[in-house]
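Colleague: take this sequence and fold it.
(chains A and B)
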Number of protein chains: 2
Amino acid sequence: MSRTIKPADERRRELLNAARHLFFDRGYDNTSINDILNVVGLSKGAFYHHFSSKNALLDGLVDHEVADLYQATKAACLQPGLTALQRWQRLFERSAQWELANKTNWIVLLTSLYRDENLRYRLKLTQAAQLTTANLFSQVITQGVDEGSFSVTDPKACATILVSAHQALSDRIAELLLSQQNPAALDQIHQLCQATQELSERALGAPKGSLPIVDRATLAAWFQSQESPCAD
Amino acid sequence: MSRTIKPADERRRELLNAARHLFFDRGYDNTSINDILNVVGLSKGAFYHHFSSKNALLDGLVDHEVADLYQATKAACLQPGLTALQRWQRLFERSAQWELANKTNWIVLLTSLYRDENLRYRLKLTQAAQLTTANLFSQVITQGVDEGSFSVTDPKACATILVSAHQALSDRIAELLLSQQNPAALDQIHQLCQATQELSERALGAPKGSLPIVDRATLAAWFQSQESPCAD
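Modeller: Below is the predicted model:
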């Protein structure tokens, strides 16, 4: 019997890809290690060579996804030569643009993550995303304090706490986006964005209006139907 | 065969109590409806008379526990005749006192909730606690704005966002309390409390130092051993 020998990295990636599809399709709780192995055609031994458990695979998947999701935003935010205010603005501007450009995929991602069987997946993804964001916040706040544009006693602790306010906003936006029945969803999201902006500006000692999160037109685009009307 | 007929409320409470003990002992994920029925000696029919599923029982349990946990703090905070600043201070003062007075039970509760098998239980408890706290915050902030001691554009949205900053603090405190090995835990908790206080005061437009969360002596008491030395 001839067998193709693949590099270990490639096998690992195959396992992660197969797992990701299954988690999206039927949920993390409803996917067994055997289900993943059936897709990639590997043995249990090969699985345990890469991951000690399904939970450890989830950790690997989440690290991979967060690195992917934040790559462009992080690069835009940390580009050399920017002021702290510019970095903060970029962080939110690029995230909002990127998410909207990938709107259909985002809705699929959120719908899947908010399934009850993906609670653990969603929670791990949220925690890893928060850690990455807190690191970015901390760097930007420290620079802002040095430049005198922000005024914060403890930049690192402030970043840790402030990031959870932003996470709460993201969670509420996701829930409201998924609640198609709610006609007031856009208004509620807009109000929460403004409250989070006010809180952030005050927490950082930044001027009123200097740290916008997302404008109403960008928010409204999330509520427009996917198909644009054809004029002919 | 003679059978004691108990009122429906009492049976419901028995089911909740049995479930609570099992979730604490072996975790929510590892407890089946049959396990609960074996403890109380009831049939499946009796279970489904009260709850549509194990998940629905968890919702009932969480509602019950949050109502219990917040009863004293809520009464102290909403006592008639107080200013908003006094209400805010009471909310944190009473919570801290109550938790410390029940220190041993709290550590048991937290240890159990942070087990991987109780992720769902912890998350539901956290969400329900946040909702209760957000309602209290909202009432107090609205009063503070009316009195002129707070300055906030949208009290309700601000409460929703601010409560998650406080939840992040509680989560980090719990994790640090449970990480016995970490000698810097007390300092880290103290720093996060101060950062959350600064953020809250600024978010509410309240004077610096007016909204303490918990003093260092109270925090330090969490790190002292349970047995006090006997002098004889």
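
Colleague: right, and the helix or strand after the helix or strand harbouring residue A:161?
Modeller: Following DSSP states H and E, one finds residue A:161 within helix A:155-178. Heading C-terminal from helix A:155-178, the first helix or strand you meet, by DSSP H and E, is helix A:185-204.

Colleague: any buried residues in that next one, and which?
Modeller: For helix A:185-204, the neighbour count (16 or more other C-beta atoms under 10 Å in any protein chain shown) marks A:185-186, A:188-204 as buried. Every residue, glycine included, has its C-beta placed from N, CA and C.

Colleague: what comes up buried for the helix or strand just after it?
Modeller: Later in the chain than helix A:185-204, the nearest helix or strand by DSSP H and E is helix A:216-221. Residues of helix A:216-221 classed as buried by neighbour count (16+ other C-beta under 10 Å): residue A:219.

Colleague: which strands or helices does helix A:216-221 pack on?
Modeller: If you count contacts as 3 or more C-beta pairs under 8 Å, 6 or more residues apart in numbering or on different chains; DSSP states H and E, helix A:216-221 packs onto helix A:84-101, helix A:185-204.

Colleague: which residues sit in contact with residue A:188?
Modeller: Going by C-beta atoms under 8 Å, 6 or more residues apart in numbering or on different chains, residue A:188 touches A:172, A:176, A:182.

Colleague: sorry, that was for residue A:177
Modeller: Here residue A:177 is in contact with A:107, A:110, A:185, A:189, A:222 (C-beta under 8 Å, 6+ apart).

Colleague: could I get those as a markdown table with pLDDT?
Modeller: Putting the contacts of residue A:177 into a markdown table (pLDDT from 0 to 100) gives the following:
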| residue | pLDDT |
| --- | --- |
| A:107 | 91 |
| A:110 | 93 |
| A:185 | 92 |
| A:189 | 95 |
| A:222 | 88 |
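
Colleague: now do the SS call for residue A:65.
Modeller: Following DSSP: H, G, I helix; E, B strand; the rest coil, the label given to residue A:65 is helix.

Colleague: do you know how far it is from residue A:16?
Modeller: 9 Å (C-beta to C-beta, to the nearest Å).

Colleague: and those two? Which one has more around it.
Modeller: residue A:16 (21 against 18; other C-beta atoms under 10 Å in any protein chain shown).

Colleague: OK, contacts around the more buried one?
Modeller: A:57, A:60, A:61, A:64.

Colleague: mind redoing it with 6 Å?
Modeller: residue A:61 (C-beta atoms under 6 Å, 6 or more residues apart in numbering or on different chains).

Colleague: residue numbers of chain A in contact with chain B?
Modeller: Contact residues, chain A versus chain B (C-beta under 6 Å from any C-beta of the partner chain): A:153-154, A:157-158, A:161, A:164-165, A:168, A:191-192, A:195-196, A:198-199, A:202-203.

Colleague: and of those residues, the nearest to residue B:6?
Modeller: residue A:168 (42.3 Å; C-beta to C-beta).

Colleague: need the longest helix for chain A.
Modeller: Criterion DSSP state H: the longest helix present in chain A is helix A:119-147.

Colleague: which strands or helices does that one pack on?
Modeller: helix A:54-77, helix A:84-101, helix A:155-178 (3 or more C-beta pairs under 6 Å, 6 or more residues apart in numbering or on different chains; DSSP states H and E).

Colleague: and the helices and strands packed on helix A:216-221 as CSV, adding distance to residue B:77?
Modeller: Shown next, in CSV, are these (distance: least, C-beta to C-beta, whole Å):
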stretch, distance to residue B:77
helix A:84-101, 34
helix A:185-204, 21
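
Colleague: comparing these by mean pLDDT, which bottoms out?
Modeller: Ranked by mean pLDDT, those bottom out at helix A:84-101, with a mean of 93.

Colleague: and the next element down the chain from that helix?
Modeller: Counting by DSSP H and E, what follows helix A:84-101 is helix A:103-113.

Colleague: roughly how far is that next one from the heart of the chain?
Modeller: Its chain's C-alpha centre and that of helix A:103-113 lie 11 Å apart, by C-alpha atoms, centre = their mean, to the nearest Å.

Colleague: next, the angle from it to helix A:155-178.
Modeller: For helix A:103-113 against helix A:155-178, the angle by axes from the mean of the first three to the mean of the last three C-alpha atoms, to 10 degrees is 100 degrees.

Colleague: report the central residue of chain A.
Modeller: What sits nearest the mean C-alpha location of chain A, by C-alpha atoms, centre = their mean, is residue A:129, with 5.5 Å.

Colleague: farthest-separated two in the contacts of residue A:177?
Modeller: A:107 and A:189 (14.5 Å).

Colleague: wait, which of the contacts of residue A:177 is closest to chain B?
Modeller: Nearest to chain B among the contacts of residue A:177 is residue A:189, at 10.3 Å by C-beta to the nearest C-beta.
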